[in-house]
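Undergrad: Provide a 3D model corresponding to the input given below.
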Amino acid sequence: MSKRILIIKLGYCETLVNEEGFTPSLGDVFRHTVLLHKYACDRVTWLTTESAVPLLRNNPYIAELLTYNEQTVAQLLEREFDEVVCIEKLRTICELADSIKAKIHLGFGWTGRQFRIHPLAQSVADIAGGKDHFLPIQALLYQMVGEYWRGESYILGYKPRYHPPYDVGLNYRVGSKWPTKAWPISHWLKLERFLQQRHLTVSWQEGQSDLEHYIDWINAGRLIVTCDSLGMHLGLALNKQIVALFGPSPACGIYMYGRGEIIKACGACHEAPCMKEFCKKGNICMTDITPETVLKVALHLLDGSQAK
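TA: Below is the predicted model of the structure:
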């Protein structure tokens, strides 16, 4: 029998990080679409932020997409669900989740003066608190809702429009929330030169102010070189070959679905991965990843895609 499910994921607090703020992480919102496979036969309502709407709009597994505001909050408080799945940790959002009538509340909440963690979400809370782990975040998310992850991928509702095709996309920008994830622009320029010397067409990131245009641009590339950002997750959802660069953020929770390679900064900073928003050392972990290394991996992936 179909159930009424409410998923609360705004991206204000990344699932595997303990931090507070009101700048949504769009990549964190999008990767939670993997949960929709579990609720494919149910009626799903998803509460998110306005900026994340293009990532979730027209998703075949979301029956109702709501934007977080006073009017929506008042509406939800009048309704009842079979399950409320709250994957936010801010007190105001958790208090809202606990105030909505439901047979089951999963994920996080706030009762009285205390942050509440459902037992199924304890592993996620421990990892956010600093505990080491080796599971992809997809598997951890499925644990939170009492299910096993079997390799399900992200789900993107938007259907990309035509964009002139190219060989390698340079997804050089990172979100404002984690500027330390950026690779130096001098490295990007050097990589571009190397690729062009091999007669490969290169395209720099487009769609900075238009999320749908951004998706169109990613979809047009054979391979995307990217930092740990929304573009990496979108590239995987669009079946692109991906070279993903990691420094201050941990790569252990990233599953590439056999569509690319992760390059991690090694040895430049003993604190990496630190998940710091600002670095007093000049972002040396990302600087340590050389364009020559990225080129070698990119060429290998492109050769492999041609052989298929």
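Undergrad: Helices of this protein, start to end?
TA: Taking DSSP state H to define them, one finds helices in the chain at 26-31, 53-56, 70-76, 91-99, 122-128, 137-144, 185-197, 211-219, 230-237, 284-287, 291-307.
Undergrad: With only the CA atoms kept, save the first one in CSV.
TA: Included here for helix 26-31 are C-alpha records, laid out as CSV according to Å, rounded to 0.1, in the frame of the first residue of the first chain:
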residue,chain,number,x,y,z
LEU,A,26,23.2,22.0,-3.7
GLY,A,27,25.4,19.0,-4.2
ASP,A,28,24.4,17.7,-0.8
VAL,A,29,20.7,18.1,-1.7
PHE,A,30,21.1,16.4,-5.1
ARG,A,31,22.9,13.3,-3.9
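Undergrad: Point out where the stretch 151-300 of the chain drops to low pLDDT.
TA: Along the stretch 151-300 of the chain, the parts satisfying pLDDT under 70 run over 267-272, 274-276, 279-280, 282.
Undergrad: Strands of that one, start to end?
TA: Per DSSP state E, counting those that start in this stretch, the stretch 151-300 of the chain carries strands over the ranges 166-171, 202-204, 221-227, 241-246, 260-264.
Undergrad: and those as TSV, adding mean neighbour count and distance to Gln71?
TA: Heads up, the C-betas are built off the backbone N, CA and C, glycines and all. Output for those, formatted as TSV (neighbours: other CB atoms under 10 Å; distance: least, CB to CB, whole Å):
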stretch	mean neighbour count	distance to Gln71
strand 166-171	22	35
strand 202-204	17	40
strand 221-227	25	36
strand 241-246	25	39
strand 260-264	18	41
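Undergrad: that older thread, out of the helices of the chain, deepest packed?
TA: Neighbour counts (mean count of other CB atoms under 10 Å) averaged over each of those peak at helix 230-237, with a mean of 26.
Undergrad: Give me the residues contacting that one.
TA: 26-27, 30-31, 153-156, 171, 175, 205, 214-215, 218, 221, 224, 226, 242, 244, 254, 256-257, 259-260 (CB atoms under 8 Å, 6 or more residues apart in numbering).
Undergrad: could I get that helix in CSV with only the CA atoms?
TA: C-alpha atoms of helix 230-237 as CSV (Å, rounded to 0.1, in the frame of the first residue of the first chain):
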residue,chain,number,x,y,z
LEU,A,230,27.6,19.8,-7.4
GLY,A,231,29.0,19.3,-10.9
MET,A,232,30.7,16.1,-9.9
HIS,A,233,27.3,14.6,-8.7
LEU,A,234,25.5,15.9,-11.8
GLY,A,235,28.2,14.5,-14.1
LEU,A,236,27.7,11.1,-12.5
ALA,A,237,23.9,11.3,-12.9
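Undergrad: just the angle between that helix and strand 221-227, please?
TA: Calculated by axes from the mean of the first three to the mean of the last three CA atoms, to 10 degrees, helix 230-237 forms an angle of 140 degrees with strand 221-227.
Undergrad: got a list of contacts for stretch 176-186?
TA: 21, 23, 25, 172-175, 227-229, 245, 247-249, 275-279, 283, 286-287, 289.
Undergrad: Just the buried residues of the residues you listed.
TA: 25, 172-175, 227-229, 245, 247-249, 275, 279, 283, 286-287, 289 (16 or more other CB atoms under 10 Å).
Undergrad: Now for Arg161: which residues touch it?
TA: Arg161 touches 212, 216, counting by CB under 8 Å, 6+ apart.
Undergrad: ok, it to Asp210 distance?
TA: 11 Å (CB to CB, to the nearest Å).
Undergrad: and what of Gly109?
TA: The value you get for Gly109 to Asp210, if CB to CB is used, is 36 Å.
Undergrad: I'd assumed Leu66 was in contact with Thr72.
TA: Yes - Thr72 lies in contact with Leu66 (CB atoms under 8 Å); the separation is 4.9 Å.
Undergrad: returning to that earlier point: which of the helices of the chain sits closest to Arg113?
TA: The closest of these to Arg113 is helix 91-99. By CB to CB, the value is 9.5 Å.
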